[in-house]
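Asks: Have a look at this fold, sequence not included:
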């Protein structure tokens, strides 16, 4: 299923003992639709405060219900912060994370002296003038495959990731939208890239120093990590239709999240 | 001053004994800046749940403080739902309502089957397909000066009002924005026009029946009133610079909200 959520009051996707999570809310909503507890899996484990407009979630249900009926039933059981946008049946070999080709995130920033209060939970307030051409110049250095260790909060053996898109657009004079698309993202990688671009915009880092930061592979060389509440998971991209099924199961079943 | 607010948790602009209001919050924030209680006046008395991006508020303060310092002081005293965007000194004969030439409101609608949860406090969810060309055709009938009694919740002697702009735009496939600009709005007039346009979009009213509804002067002939939380006061327009001052006080002082 494709779900959207306002992450403001959640500790993130992942179920935890310390507070509310999207995963737990879905688990509770799915309860009547199986005899055993359903553990939904998501394409992206979004962090605390992060929102989603196109999160892909997968689960196995025993009781067969028409997807549209199930969607309606879930939306009536779920809190208003989480909405199921659509549900489709997929082959049992489909995996929301492993089969994903790429993901797109949007990060919103308000760069004016005062932020509109209706954006306060959905955008990072940076009360400085930001040099947009410098930020766009810096963004170009991220394109392609690099070792992104300097932009991750966790050490991993293989930190090679590919950025396919990093575009900055401006709306209503002071609202910046940074669109990031890549194959897989390291822990807090999107927000670390955004934090660095903001430092470039504030003239604290030169746009052309990005290759050096990447080469350092040290987190402390890159700038701040942008807060979670400006980030939106927009879309997860998969192979076309029946390709996954034919490759993995030898049969052809329509999969189209 | 120009202020913005998220109206979600307020009963409206007007101070009331039954719950929180924007006016009361501002009164409390302004307390240290005068020996007598300051009663701020607004260009538009927005209703419960209605938001503002460009509300104009006027007040008399005894203590002279630099406008920028006052803005910072107020923003640090106010709750996060209300932000002062700018402050300017005006001549004492300026009146935020009486001197306004026109006001612009935006109304947001989500017409898809499921609304994105992050828009739930800022947009009306209408889970039907809306016929946009029909709504645009209906909108044309509102232009100009008419007796708007059929679109008001209160009886007034002179219900003649002028609509200068009524434009419908669509964003992200299902988000509609209705921009309304007019000289003065009757009580709940903007939301009554929006409710009627939605009925036209659902084919419950013919686009060309709007002149008949206007001519009826009966509230019950027009359709539903759209809820407050989709409405934003965007901007209040005044005469240019020093014209008000010269007309009313005989002196020339810069007034530019």
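Replies: Yep, that arrived. Nothing here was measured: the structure is a model prediction, and the numbers come from that model. Residues are numbered from 1 along each chain as shown, chains lettered A, B, ... in the order given.

Asks: rest of the way, CA atoms for contacts and neighbours
Replies: Will do.

Asks: in a helix, that's where residue A:146 is, yeah?
Replies: No. Counting by DSSP: H, G, I helix; E, B strand; the rest coil, residue A:146 is not part of a helix but strand.

Asks: can I assume it is in contact with residue A:182?
Replies: No. Under the contact definition of C-alpha atoms under 8 Å, residue A:146 does not touch residue A:182, with a separation of 11.4 Å.

Asks: Give me the common contacts of these two.
Replies: A:161, A:162 (C-alpha atoms under 8 Å, 6 or more residues apart in numbering or on different chains).

Asks: pLDDT score for residue A:241?
Replies: pLDDT recorded at residue A:241 is 55.

Asks: Next, residue A:214: secondary structure please.
Replies: helix.

Asks: Check what pLDDT it gets.
Replies: 94.

Asks: follow-up on the earlier one: so for residue A:146 and residue A:182, which residue has more residues nearby?
Replies: Taking neighbours as other C-alpha atoms under 10 Å in any protein chain shown, residue A:146 and residue A:182 compare with residue A:182 leading, 22 against 17.

Asks: low-confidence ranges in chain A?
Replies: Where chain A drops to pLDDT under 70, the residues are A:63, A:240-246, A:248-257.

Asks: from what I can see residue A:139 touches residue A:166, true?
Replies: Yes. Residue A:139 lies in contact with residue A:166 (C-alpha under 8 Å); the separation is 6.1 Å.

Asks: so where do the strands sit in the stretch 1-150 of chain A?
Replies: Assigned by DSSP state E, counting those that start in this stretch, the strands in the stretch 1-150 of chain A fall at A:2-5, A:41-42, A:51-58, A:82-86, A:100-110, A:124-125, A:144-147.

Asks: Determine which stretch of those is the most buried.
Replies: Mean neighbour count (mean count of other C-alpha atoms under 10 Å in any protein chain shown) peaks for strand A:51-58 among those, with a mean of 25.

Asks: and that strand, what does it pack onto?
Replies: strand A:2-5, strand A:41-42, strand A:231-238 (3 or more C-alpha pairs under 8 Å, 6 or more residues apart in numbering or on different chains; DSSP states H and E).

Asks: and the direction of the last one versus that of strand A:100-110, what angle?
Replies: Calculated by axes from the mean of the first three to the mean of the last three C-alpha atoms, to 10 degrees, strand A:231-238 forms an angle of 160 degrees with strand A:100-110.

Asks: Give the other helices and strands that strand A:231-238 contacts.
Replies: strand A:51-58, strand A:100-110.

Asks: Out of those strands, which is closest to residue A:70?
Replies: Closest to residue A:70 of these, according to C-alpha to C-alpha: strand A:51-58, at 13.5 Å.

Asks: which outside residues touch the closest one?
Replies: Looking at what lies outside strand A:51-58 - C-alpha under 8 Å, 6+ apart - the contacts are A:1-8, A:40-44, A:95-96, A:229, A:231-236, A:257, B:116.

Asks: And those, which of them are buried?
Replies: Taking 16 or more other C-alpha atoms under 10 Å in any protein chain shown as the criterion, what is buried in those is A:1-8, A:40-44, A:95-96, A:229, A:231-236, A:257, B:116.

Asks: start to end distance for stretch A:150-168?
Replies: Distance between the boundary residues of stretch A:150-168 (C-alpha to C-alpha, to the nearest Å) amounts to 21 Å.

Asks: How about stretch A:80-88?
Replies: Stretch A:80-88: ends 22 Å apart by C-alpha to C-alpha.

Asks: quick one: it near chain B?
Replies: Yes. With C-alpha under 8 Å from any C-alpha of the partner chain as the criterion, chain B is reached by stretch A:80-88 at A:80, A:81, A:82, A:83, A:84, A:85.

Asks: and that stretch, how far out from the chain's middle?
Replies: 16 Å (C-alpha atoms, centre = their mean, to the nearest Å).

Asks: again with stretch A:24-32
Replies: For stretch A:24-32, the distance to the chain centre is 22 Å (C-alpha atoms, centre = their mean).

Asks: Next: stretch A:227-240.
Replies: Using C-alpha atoms, centre = their mean, the offset of stretch A:227-240 from its chain centre is 3 Å.

Asks: Residue A:196 is in what secondary structure piece?
Replies: If you go by DSSP states H and E, residue A:196 is part of helix A:189-201.

Asks: Residue A:176 belongs to a helix?
Replies: No. Judged by three-state DSSP, residue A:176 forms no part of a helix; its state is strand.

Asks: Spell out the secondary structure type for the closest residue to it other than its chain neighbours.
Replies: Counting by C-alpha to C-alpha, 6 or more residues apart in numbering or on different chains, residue A:176 lies nearest to residue A:170, which is 4.6 Å off, once chain neighbours are set aside. At residue A:170 the chain is in strand, as set by three-state DSSP.
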